[in-house]
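Student: Structure here, sequence nowhere to be found:
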């Protein structure tokens, strides 16, 4: 009896002590508050010229600024670092008047036209190997007219030029910093935004601290912490427990649950994004259009969209999200028809079906529909073995010359269709963005013409042709356009979702 | 003197409980096509996360509307298959190593002993993970990985038995009389090796099932959509608060299967040689 | 003692061999599997050379061993940082977890084992036996999920993820509780069983039975004495349990998103970051070997009857 008590008392004491620690909570957050944001995976690089993944973009959004930007939550352009701008009637020369008194973070001096020149021209520098070089191929040169005036000269008028300047890859970096840090700049960035890079613990957190000399005034938050949590359940648990303050919701059940909680804030906006399943022409039998069409007929798109994503996405009528300029609302649809699918396979000589490997990034909003797609394909005799890969390595392999036979992902878009349609479907986009290895001379011609003409009607017609033709060729099953939904705790104020999935903290404050 | 076999059996609750559990699991696995009310991979996207008993899902449905019971039944097949095959292959290799090392002695024994030491230098899950990391996740590779981790326990015990037997007078006498090593192995070594092997097999299958479940949980087991108990826990973990039956049942079944094999192994150990201490 | 240490050397070499082979067992070309991105011809050749994949196997292995001997475990493909840095920046989290797990296992397991031994044949004994069998049989990640659901999500007593904030011991300990308990529960089961059987052996000894017959007064003294004798095998069990715990730590860190070595390993496997996979595997195996050595030596020191071979 006595020995039992002797053991139980210290055990209870230990548990109580530890529990007591739990109540005291963490270290005192900085006076202005700390915002903890849950991310799906860690960032890869913070160098705007080579940023590719969405987490790169989200982590650098509040670090940098560009000449112009989108009004939050919309796709209309407003001034950012450039206060005013003019262009010549032929659209080839743009002159930007820079804001005065803008400083770079960490003592890297004032923003000058030289930094703008450097930032834009380095995108074309072959040593930088920027994936956006082709997009900026219209750029002839940038002149620093004086310390706060920049003149950009284009080789040909670019109707999407301003949108490109609102994009992350044209963010203005400090020339001195890039020259100093070289390849290390991607992990030690210097911009003009309200929050500066503090430190990075790989796979644990990326911390940005307030940049008090920000031209727009003292930032409202003391710290911004990005926490990579690849596992969805862990992410939701972390949010529920208050370990993170802001997360993106991609699960309708969770959304329903959170909507019912009056203490949480939900910000939802239709996304400029399309989710899809793709097939690569390089891998037979996907070079046979009948086979591709068979795959598209085999998948029950409706059931997937309603069943798995009920209410948090809109079915894709064509390729681009409806909010994108010149997006077609409807093009060739492939109805759910397993019988037709089997017939086509038989015609292609594959009545007994075939085997392939279906690559999926290990993120729920892709693994879930992938399981159903696989199931649908099995029903028509196609054995698609699912290979789940970690997100960053998936992206790397997808963009490699080797590529993947079959894959699923989503593609974020801009207000103008140039970047996406061009990179995604032009021969010049192989293999980095044109993952299906599409190479159709007509499409190339249409794209080349569309991105260089300023005639809006002509652009609309050319882009429409491209979309129709690509949809027709059945390389991609375009599923839906997801809504960008963020949930935040009651102590976070002023957060607004962005259709382009950046996480802008313009008016965000934290009250705890 | 040891009591008669049957009485020892009856006095042995572990064997009875363990045996019952093992038979139950085995029966589930064998009769899965007959017992399963649905195709385990058939999705019903408008019947997701139904509670047990609803809509023809005796144990409820998972996040894709697949029947949990059917997946449990077919999952039993994978768990048992991997468990049994891994122990069969690893056990056979281990017995062989133990026999050869124990019998040959000398540098052969030392070298083989070192190999076994190296395998034992890794915690089992770690070794299995490393092997699967290299070979890629699949049913076959899971079996191979777990089989390797099974080798040491078999080889050590068998080697010990061989050494003891070799030292026995009548065996040495037999050798002197010209009995071939093979004959001695068959007539003297094998019968004595049988009991420990049976016990180790049962315990081993229990461990193998746990390791397989762990690999599946981490996403490194048999790839989807094949139902495995471990991956069912992974599939269900995000719904723990609203639909605990998806993860709950599979975890319970893993526990039952492992418990069954462990109890059986313990009971067999007591039964086959009551004098043996561990 | 030196014999034991020397005996460990070939084992370590063997471990290195296994770790070395990880890259060579990969089906297909490990370099393209690793690089994946728009790797150009020269890049592939460069990586080949950096990894030493263009030399004969024996030479590669020799270089590999020498590299590891000086602590150069290569660089992580994902973060470009040296693997050894990735390991050292996370090792403390795993050590914390292992210690926590051992503490829970011992603090819960030993008393339960004692209880069962002294109450042999009664309901309490049966309960402890069943509970420990269940604890051994239950998947540790499942237990972790259940505990997380109840104590973190529902009750909010402890955080469900992470390892707390550096320097803030309150948050560090708080984040350690659930993972340690999860890990410790299965260890507890084993220790309870072992404690029970070794206590039973000791309690059967004549001198103990005599002391017990003398009356209540002797109880405390007898228990202390019996427990001390039973402690020797218990210590060794705890030591050898560390390997089991290290394996369990991999799973527990995944469930609770603790940024330790286990999670690093799993993430690296999923991302095909082979240098990290190799480095972490080796590191954990080495730690395991060292712990076993220490346990061996402790056992030998504690029990004067054991001779050094």
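Tutor: All right, it came through fine. Owing to the predicted nature of the structure, the values given are computational and were not obtained by experimental measurement. Numbers count the residues shown, from 1 in each chain, chains lettered A, B, ... in the order given.
Student: can we go C-alpha only for contacts and neighbour counts from here?
Tutor: OK.
Student: Of all the residues in stretch C:111-126, which ones are buried?
Tutor: Neighbour-count burial for stretch C:111-126, counted by 16 or more other CA atoms under 10 Å in any protein chain shown, picks out C:111-118, C:124-125.
Student: what's the answer for stretch A:440-448, then?
Tutor: For stretch A:440-448, burial by neighbour count (16+ other CA under 10 Å) applies to A:443-444, A:446-447.
Student: Roughly how far does residue C:268 sit from chain A?
Tutor: 9 Å (CA to the nearest CA, to the nearest Å).
Student: Pretty sure that residue sits against residue C:274.
Tutor: Yes. Using CA atoms under 8 Å, residue C:268 makes contact with residue C:274 at a distance of 6.9 Å.
Student: Please tell me the pLDDT value assigned to residue 211.
Tutor: No chain specified, so I'll use chain A. Per-residue confidence at residue A:211 stands at 94 (pLDDT).
Student: meant chain B, my bad for not saying
Tutor: 93.
Student: Kindly report the same for residue C:53.
Tutor: Per-residue pLDDT puts residue C:53 at 65.
Student: name the element residue A:207 belongs to?
Tutor: With elements delineated by DSSP states H and E, residue A:207 resides in strand A:205-210, which encompasses its position.
Student: Which one of residue C:268 and residue C:274 is surrounded by more residues?
Tutor: Regarding residue C:268 and residue C:274, a neighbour count based on other CA atoms under 10 Å in any protein chain shown identifies residue C:274 as having more, with 28 against 22.
Student: Point out where the chain drops to low pLDDT.
Tutor: Using chain A here. By pLDDT under 70, the weakly predicted segments of chain A are A:1-31.
Student: could you do chain C instead?
Tutor: For chain C, the stretches flagged by pLDDT under 70 are C:1, C:27-44, C:46-54, C:165-166, C:206-234, C:236-237, C:240, C:302-309.
Student: near chain B, which residues of it?
Tutor: Taking CA under 8 Å from any CA of the partner chain as the criterion, chain C approaches chain B at residues C:10-12, C:14-15, C:19, C:22-27, C:133-134, C:136-139, C:141-142, C:145, C:149, C:243-244, C:246-248, C:251, C:254, C:266, C:269, C:272, C:277, C:281, C:284-286, C:288-289.
Student: follow-up on the earlier one: which of the buried residues of stretch A:440-448 fall within helices?
Tutor: If you go by DSSP state H, those have A:443-444, A:446-447 in helices.
Student: and the nearest residue to residue A:263 once chain neighbours are set aside, what does it touch?
Tutor: Distance criterion CA to CA, 6 or more residues apart in numbering or on different chains; nearest residue to residue A:263, sequence neighbours excluded, is residue A:490 at 5.1 Å. In this structure, residue A:490 makes contact with A:263-265, judged by CA atoms under 8 Å, 6 or more residues apart in numbering or on different chains.
Student: same question, residue A:477
Tutor: Residue A:477 makes contact with A:276-278, A:296, according to CA under 8 Å, 6+ apart.
Student: In TSV, list those along with neighbour count, distance to residue B:34 and secondary structure.
Tutor: As requested, the contacts of residue A:477 are arranged in TSV below (neighbours: other CA atoms under 10 Å in any protein chain shown; distance: CA to CA, whole Å; DSSP: H, G, I helix; E, B strand; the rest coil):
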residue	neighbour count	distance to residue B:34	secondary structure
A:276	20	38	strand
A:277	22	35	strand
A:278	23	38	strand
A:296	26	34	helix
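Student: ok, and which of the residues you listed reach chain C?
Tutor: Within the contacts of residue A:477, nothing lies near chain C by CA under 8 Å from any CA.
Student: Go through these and say which is closest to residue A:134.
Tutor: residue A:278 (23.0 Å; CA to CA).
Student: near chain C, anything from whichever helix or strand comes after the strand holding residue A:207?
Tutor: The first helix or strand that comes after strand A:205-210 along the chain, using DSSP H and E, is strand A:223-228. No. In this structure, strand A:223-228 remains apart from chain C according to CA under 8 Å from any CA; the gap is never smaller than 10.0 Å.
Student: if I pick residue B:15, what's in contact with it?
Tutor: Residues B:9, B:263-268 are the ones in contact with residue B:15 under the rule CA under 8 Å, 6+ apart.
Student: Residue A:155 now?
Tutor: A:92, A:138-140.
Student: ok so, going back, from the contacts of residue A:490, list just the buried residues.
Tutor: Among the contacts of residue A:490, those classed as buried by neighbour count (16+ other CA under 10 Å) are A:264-265.
Student: So residue B:117 versus residue B:135, what's the distance?
Tutor: 22 Å (CA to CA, to the nearest Å).
Student: Would you mark the buried spots in stretch C:79-91?
Tutor: If you call a residue buried by 16+ other CA under 10 Å, then stretch C:79-91 has these buried ones: C:79, C:82-84, C:86-87, C:90-91.
Student: Excluding chain neighbours, what is closest to the residue most central in space within chain B?
Tutor: Chain B has residue B:205 as the residue nearest its centroid, 1.2 Å off, counting by CA atoms, centre = their mean. Ranked by CA to CA, 6+ apart and with sequence neighbours excluded, the top spatial neighbour of residue B:205 is residue B:83, at 4.9 Å.
Student: Please state the offset of the helix or strand harbouring that neighbour from the chain centre?
Tutor: Taking DSSP H and E as the definition, residue B:83 sits inside helix B:68-104. Computed by CA atoms, centre = their mean, to the nearest Å, the chain-centroid distance of helix B:68-104 equals 5 Å.
Student: Distance to residue B:239 and neighbour count added to the contacts of residue B:15, as JSON lines?
Tutor: Supplementary listing: these in JSON lines, determined by distance: CA to CA, whole Å; neighbours: other CA atoms under 10 Å in any protein chain shown:
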{"residue": "B:9", "distance to residue B:239": "44", "neighbour count": "18"}
{"residue": "B:263", "distance to residue B:239": "32", "neighbour count": "25"}
{"residue": "B:264", "distance to residue B:239": "34", "neighbour count": "27"}
{"residue": "B:265", "distance to residue B:239": "35", "neighbour count": "26"}
{"residue": "B:266", "distance to residue B:239": "36", "neighbour count": "19"}
{"residue": "B:267", "distance to residue B:239": "38", "neighbour count": "24"}
{"residue": "B:268", "distance to residue B:239": "40", "neighbour count": "25"}
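Student: thinking again about what came up before, just the ones in helices among the buried residues of stretch A:440-448 now: which is nearest chain C?
Tutor: Within those, the smallest distance to chain C is 22.0 Å, found for residue A:444 (CA to the nearest CA).
Student: Quick check: closest non-adjacent residue to that closest one.
Tutor: In space, and not counting its chain neighbours, residue A:444 is closest to residue A:426: 5.4 Å by CA to CA, 6+ apart.
Student: so who does the residue nearest to the centre of chain B touch?
Tutor: Applying CA under 8 Å, 6+ apart, we find residue B:205 in contact with B:80, B:83-84, B:86-87, B:258, B:261.
Student: Give me the three-state assignment for it.
Tutor: Three-state secondary structure (criterion: DSSP: H, G, I helix; E, B strand; the rest coil) places residue B:205 in helix.
Student: Quick check: it vs residue B:132, distance?
Tutor: Counting by CA to CA, the separation of residue B:205 from residue B:132 is 19 Å.
Student: burial count for residue 98?
Tutor: Picking chain A for this. Number of residues near residue A:98 (other CA under 10 Å) recorded here: 23.
Student: could you do chain C instead?
Tutor: Applying the criterion other CA under 10 Å, we find 22 residues in the vicinity of residue C:98.
Student: Can you name the residues of the stretch 151-300 of chain A sitting close to chain B?
Tutor: Taking CA under 8 Å from any CA as the criterion, the neighbours of chain B within the stretch 151-300 of chain A are A:232-234.
Student: all helices for the stretch 101-250 of chain B, in order.
Tutor: Under the criterion DSSP state H, counting those that start in this stretch, helices of the stretch 101-250 of chain B are mapped to B:106-120, B:124-135, B:139-167, B:169-176, B:181-184, B:190-217, B:229-236, B:245-272.
Student: between the ones you listed, which gets the lowest average pLDDT?
Tutor: Set side by side, the helices of the stretch 101-250 of chain B differ in mean pLDDT, and helix B:181-184 is lowest with a mean of 68.
Student: Can you tell me the element the spatially most central residue of chain C falls in?
Tutor: What sits nearest the mean C-alpha location of chain C, by CA atoms, centre = their mean, is residue C:246, with 1.8 Å. Using DSSP H and E, residue C:246 sits within helix C:217-255.
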